[in-house]
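S.K.: model this:
(one chain, ligands or ions: 1)
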Amino acid sequence: MTLLKIARMGHPVLLKTAEAIADPKSRDVGRLLEDMVETMEDATGVGLAAPQVYEGKRVIIFKSPRERGEKDGLESDFSPLTALINPKFEPLDEELAIGWEGCLSIPGMTGAVPRYSRIVYRGYAPNGDAVEREATNFHARVVQHEIDHLDGVLFPMRMTDLSMLTFNEELKNLMEYAMGQNKSGADRDTQE
Ligand code: NI
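M.R.: Coordinates of the predicted model:
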């Protein structure tokens with residue numbers, strides 16, 4: 001296994017549409033996934049998409065830790081570490097929630113991003129099995145964030161209010177300000 005270099009915002013690899021995988025069970029995909037898991041865990045992230053490690057392929061990994069839901073005061077929606085190949089999602093309804101997101105490709109920054117609260121996602125597991133799961137709240141957010149990476153979209157490009165983009169060190173100050181302004185944002189999300 002190898003620790004991979006993580007592309008940072010501004011590198012064109014993060015702006016391109018990634019290519020579909022022809023064979024989810026291939027050895028190349030297996031190796032890429034092993035390295036992505038090692039890289040994400042080393043960086044203490046909760047999600048990573050292949051373009052973030054300079055591979056323009058439709059492969060993502062993510063997890064939704066149990067404590068996240070409890071911290072948000074929202075219904076906990078746990079997901080163990082999951083690898084998905086050629087993932088897609090659809091919203092289950094139109095409800096959007098604003099939550100704080102970070103990204104391993106945008107180190108040191110956090111922003112408040114609207115995302116669908118409830119989605120269904122589909123894709124393939126590394127053993128070739130089709131996967132279909134429903135997700136809510138943080139689990140739904142991390143999946144939408146990672147799939148966006150496959151289409152060249154970074155979280156600031158989804159923000160509707162750029163005044164809610166901050167350096168991590170200022171997040172507490174911005175959250176207090178936002179509460180006063182009634183601009184919400186849930187709790188701080190971890191790096192994706
Ligand atoms: Ni990201």
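S.K.: most proximal residue of this protein with respect to the ion?
M.R.: Sorted by distance to the ion under Cβ to the ion, the residues of the chain start with C103, at 3.2 Å. Quick note: C-beta positions are derived from backbone N, CA and C, even for glycine.
S.K.: now do the same contact list for the nearest residue to E34 once chain neighbours are set aside.
M.R.: Computed as Cβ to Cβ, 6 or more residues apart in numbering, the closest residue to E34 that is not its neighbour in sequence is M1, at 5.2 Å. Remark: with contacts taken as Cβ atoms under 8 Å, 6 or more residues apart in numbering, M1 is in contact with 34-35, 38.
S.K.: for the buried ones among those, write the corresponding ChimeraX selection.
M.R.: Selection command for ChimeraX covering only the buried members of the contacts of M1, criterion 16 or more other Cβ atoms under 10 Å:
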select :35
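S.K.: quick one: which of the contacts of M1 is nearest to I147?
M.R.: The nearest member of those to I147, counting by Cβ to Cβ, is D35 at 20.1 Å.
S.K.: need phi/psi at D93.
M.R.: Torsion angles at D93 (phi, psi; degrees, to the nearest 10) stand at phi -160, psi -170.
S.K.: and the helices in this protein?
M.R.: Shown for the chain, the helices assigned by DSSP state H span residues 27-42, 66-72, 137-150, 171-181.
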